[in-house]
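Asker: what follows is a predicted structure for the sequence shown.
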Amino acid sequence: MSKAQVIKLLKAIPEYKGIGRKDRTPEKKFMKEFLEYAQKKFNGNFSKAAESIGESREKIRAIFDRVRLSETGTRKGAGVGKGAIKQTIIPTPKNVIPYTEATTKVKTDKTFLKDKIKNFDGKKFYNAKDIANILGVDASNKKLLDRITSDLKRFDVNSKLTTGKQKEYNLKDAVNKITKGYEKKLVKGQRIAQTERTAIDKKLDSELNQFLSNFKNTTRSISKEENIFIPNAIEDVGHPLSVKITDKYPKLTKNSNINKINTLTFQDPRINREILEKTGYEAKHDSLLNSLNKLVGKKIGPKEIEQLKSIKVEMNNLHNKALIDIKNVAKEIPYLKGQENRLPKIDINIPKAGQTFKSEDLFVDMSNVNPAFKVGLVDDINPKAKFFKDLTKEQKEIYKRNVLDQTKFNVDKFYTTAGFPKEQVDELKESLEFGTASKLGIGTVGVLGLGTVAAAAEEPVKYNDEIGAFVDPKTDDKVSQATLLNWAANNPMPTAAIASAPLLSKTVRKGTGKLLKGLLSTLGSSAAGLTFAGATVKGNLEEGKNIVDATVDPMVGIELLYPEAAKRFGGKGLQNALGRALSLGRVGAMMTPVGVGITALGLGKMGIEALIDERERILNMTPEELEIFRAEQEEQMGMSA
């Protein structure tokens, strides 16, 4: 229908002279052709169509109203002349969901809306109603449609005006921007999700949760103190599947290795949180685990075998898709290259007909995971361990050391890539090992003592610089030699104690890490103190002490510190002589560096400060002063020249 034909039909309508005329055929012919004309030329825009033929919207609408009145007795219900009529080319699907539900789904599954447009040309433009139909969301009334239209405008979706000046929106851009716009949508119950996750972690393996939490907090705290901190620099400890999902199926996961200590890997936060959580990987596994949960403890027949085969194939497909997703992200962010080698595979064993499907038939395959990024390398320590409590005390120390080494490697890579100077990155790694001015280093504390401030509990004795003697901290009275030596004998401190910042400078703390090597070298090559120090270490080992505690014993350091005295007095005589020397704040001039270090490890702050101060004083003596000092020492120790 052309414009001229519409105008001709309009002119054919008799002049209006009231409601007496019954025949409305001319009006009806005009109305039919006008609506077709408006839809074809102006996308249903009534006003624009009226203006194009030189008439007002009100005049044309009056024609429609009069016909309606003559046939129904009312002008209401015509529904014309009220703007553009949204014509759809996409039929409304039978099963639609609320738009709010769709936007909730995209928060946990980034592919939810993208999957809806696979059979459509994403480059095409559609009006809001058609987009709603394509996405399968309810737009059955103006209020619902306006909500969708509002988002299309709010997210600045690429659009164009039709001839009737109605907007149509690019389908692909609409899906991408709606998905992006709702990725951080707050959903009822999710505000406490992190708290719930922490509670589940604690329930799963409380000791491991405490260790990893303390480890991460300490790393973050030390990084901030060293002024080299970027959020998410510390890699996530990735579970094969969200603990919030596996916690829903305790019967299914009870004897499985899923989310146990031997299936954890280090993953970049972007992989763990963005790809695995938001691509449907975890949500789809949730559905599969729900199906498996119904089969646990049941005998398997042909029907169940087919179901298990289908689940196994789906798990394999999900794993392969996740690997591809990670590789694609790594193309845009080269730093993430290789992250696909850190993703464990969730799999199942399929029992034979007549057998029972068990919890352990659900398992995590770690065979293709890069061993370097298995958290703590626990398989090398104890292959049978599933929980932190399964490790012995010594194995836990090895586990901590492995995690520390892995973390140092990871932060080195991250901050170097981020452009931080090598010297600053190296300083951070040293601080993680040995500590800072106010924090204990991870390498110098016990497994579960991580995160504590470097402050020792009040000791039963302390060294008073002003009077040059050891005193009781409660009374400031000098302690007896017997008290001092008894305390030293009962408190042999491992390297962790002496390495804390308030006790020694960072330089000395670093040196303690190499002290045992120095000691063994001294014992092996020097005759100084060899007889007594070597015998003490040997005796300690025979008593069942480990190499650290056996070596870091006050008497070992004493014997190396005073090699000549050790030769002359033997063990008991040396203890008495040392008691006089320490109580007077004196040190023999013949001390060895290793002896100083070992004695420091054994005696703590009091001993090392006294020894170091005295050593510096001795080194600055003139020959005459040194000769007088030696004479005093020999006299105080009861030795003759």
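Answerer: In hand now; what should we look at?
Asker: tally of neighbours for Glu101?
Answerer: Counted with other C-beta atoms under 10 Å, the neighbours of Glu101 add up to 11. C-beta: built from backbone N, CA, C; applies to glycine.
Asker: how near is it to Lys153?
Answerer: Noted for Glu101: a distance of 21 Å to Lys153, by C-beta to C-beta, to the nearest Å.
Asker: got the contact list for stretch 154-167?
Answerer: Outside stretch 154-167, the residues that touch it by C-beta atoms under 8 Å, 6 or more residues apart in numbering are 38, 41-45, 48, 84, 86, 125, 127-128, 152, 168-170, 173-174, 177-178, 180-181.
Asker: just stretch 374-393 next, same as before
Answerer: Contacts of stretch 374-393 (C-beta under 8 Å, 6+ apart): 205, 207-208, 211, 237, 257, 260-262, 264-266, 366, 371, 395-396, 398-400, 402-403, 406.
Asker: kindly check the end-to-end length of that stretch for me.
Answerer: Stretch 374-393 has an end-to-end distance of 20 Å (criterion: C-alpha to C-alpha, to the nearest Å).
Asker: pLDDT (mean, whole number) over the top helix by length along the chain?
Answerer: When the chain is parsed with DSSP state H, its longest helix is helix 302-332. The average of the pLDDT scores along helix 302-332 is 93.
Asker: and whatever helix or strand comes next after it, average pLDDT?
Answerer: On the C-terminal side of helix 302-332, the closest following helix or strand by DSSP states H and E is strand 345-348. Average pLDDT, strand 345-348: 96.
Asker: again, but for stretch 115-127
Answerer: For stretch 115-127, mean pLDDT rounds to 92.
Asker: list the buried residues of that stretch.
Answerer: For stretch 115-127, the buried set under the neighbour-count rule, 16 or more other C-beta atoms under 10 Å, comprises 116-117, 120, 125-127.
Asker: could you do stretch 413-429 as well?
Answerer: Counting neighbours by 16+ other C-beta under 10 Å, stretch 413-429 gives 414-415, 420, 425, 427-429 as buried.
Asker: residues in contact with that stretch?
Answerer: Residues contacting stretch 413-429 (C-beta under 8 Å, 6+ apart): 222-223, 226, 228, 230, 233, 335, 408, 411-412.
Asker: among the residues you listed, name the buried ones.
Answerer: Buried among these by 16+ other C-beta under 10 Å: 222-223, 226, 228, 233, 408, 411-412.
Asker: let me see the mean pLDDT of stretch 430-438.
Answerer: Stretch 430-438 carries an average pLDDT of 82.
Asker: what is the end-to-end distance of that stretch?
Answerer: One end of stretch 430-438 to the other measures 14 Å (C-alpha to C-alpha).
Asker: who's in contact with Lys114?
Answerer: Residues near Lys114 by C-beta under 8 Å, 6+ apart: 175, 179.
Asker: 10 Å instead?
Answerer: Neighbour list for Lys114: 106, 122, 172, 175-176, 179, 279 [criterion: C-beta atoms under 10 Å, 6 or more residues apart in numbering].
Asker: tell me the SS of it?
Answerer: Following DSSP: H, G, I helix; E, B strand; the rest coil, the label given to Lys114 is helix.
Asker: please apply the same query to Lys94.
Answerer: Under three-state DSSP, the three-state class of Lys94 is coil.
Asker: next, count neighbours for it.
Answerer: The local packing of Lys94 (other C-beta under 10 Å) involves 6 other residues.
Asker: what bits of the stretch 251-400 of the chain have low per-residue confidence?
Answerer: Scanning the stretch 251-400 of the chain for pLDDT under 70 picks out 273.
Asker: go with 80
Answerer: Flagging of the stretch 251-400 of the chain using pLDDT under 80 yields the residue ranges 272-279.
Asker: nearest to Ala199, of the buried residues of stretch 115-127?
Answerer: Lys116 (35.7 Å; C-beta to C-beta).
Asker: I'd say that closest one and Lys172 touch.
Answerer: No. At 11.4 Å, Lys116 and Lys172 do not qualify as touching, with contact defined as C-beta atoms under 10 Å.
Asker: picking that back up, can you say which of the contacts of stretch 374-393 are buried?
Answerer: Neighbour counting with 16+ other C-beta under 10 Å marks 205, 207-208, 211, 237, 257, 260-262, 264-266, 366, 395-396, 398-400, 402-403, 406 as buried within the contacts of stretch 374-393.
Asker: how about the helices of the stretch 351-500 of the chain, start to end?
Answerer: Along the stretch 351-500 of the chain, the stretches classed as helices by DSSP state H, counting those that start in this stretch are 378-381, 393-417, 422-434, 481-490, 495-498.
Asker: ok, Leu432 - contacts?
Answerer: Residues in contact with Leu432 (C-beta under 10 Å, 6+ apart) are 218-219, 222-223, 226, 404, 407-408, 411, 439, 441-443.
Asker: make a markdown table from these and add distance to Asp286 to it.
Answerer: Shown next, in a markdown table, are the contacts of Leu432 (distance: C-beta to C-beta, whole Å):
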| residue | distance to Asp286 |
| --- | --- |
| Thr218 | 34 |
| Thr219 | 31 |
| Ile222 | 37 |
| Ser223 | 35 |
| Glu226 | 41 |
| Leu404 | 34 |
| Thr407 | 31 |
| Lys408 | 36 |
| Val411 | 33 |
| Lys439 | 40 |
| Gly441 | 41 |
| Ile442 | 36 |
| Gly443 | 40 |
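Asker: domains for the protein, by residue range?
Answerer: Listed by automatic domain parsing, the domain ranges of the chain are 3-72, 99-181, 198-230+375-455, 235-373, 470-637.
Asker: just the strands in the stretch 1-150 of the chain please.
Answerer: Secondary structure of the stretch 1-150 of the chain (DSSP state E, counting those that start in this stretch): strands at 125-126.
Asker: shaky segments in it?
Answerer: Per-residue confidence for the stretch 1-150 of the chain (pLDDT under 80) gives these ranges: 1, 15-22, 39-46, 68-89, 107-108, 142.
Asker: now do the helices in it.
Answerer: Counting by DSSP H, counting those that start in this stretch, the helices of the stretch 1-150 of the chain are 3-11, 25-42, 46-52, 57-72, 99-108, 112-116, 128-135, 142-154.
Asker: which of those helices sits most buried?
Answerer: Among the helices of the stretch 1-150 of the chain, ranked by average contacts under mean count of other C-beta atoms under 10 Å, first place goes to helix 128-135 (a mean of 23).
Asker: dump that one to PDB, keeping only the CA atoms.
Answerer: In PDB, the C-alpha atoms belonging to helix 128-135 read as follows (Å, rounded to 0.1, in the frame of the first residue of the first chain):
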ATOM      1  CA  ALA A 128      13.500  -5.800  22.900                       C
ATOM      2  CA  LYS A 129      10.500  -8.100  22.600                       C
ATOM      3  CA  ASP A 130      12.300 -10.400  20.100                       C
ATOM      4  CA  ILE A 131      15.500 -10.400  22.300                       C
ATOM      5  CA  ALA A 132      13.300 -11.500  25.200                       C
ATOM      6  CA  ASN A 133      11.800 -14.300  23.200                       C
ATOM      7  CA  ILE A 134      15.300 -15.400  21.900                       C
ATOM      8  CA  LEU A 135      16.600 -15.500  25.500                       C
END
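Asker: what is it packed up against?
Answerer: Counting contacts by 3 or more C-beta pairs under 10 Å, 6 or more residues apart in numbering; DSSP states H and E, helix 128-135 packs against helix 99-108, helix 112-116, strand 125-126, helix 142-154, strand 167-170, helix 171-181.
Asker: ok, now with 6 Å
Answerer: Secondary-structure packing of helix 128-135 (3 or more C-beta pairs under 6 Å, 6 or more residues apart in numbering; DSSP states H and E): helix 142-154.
Asker: what's the first helix or strand after the helix it packs on?
Answerer: Once helix 142-154 ends, the next helix or strand along the chain (criterion: DSSP H and E) is strand 159-161.
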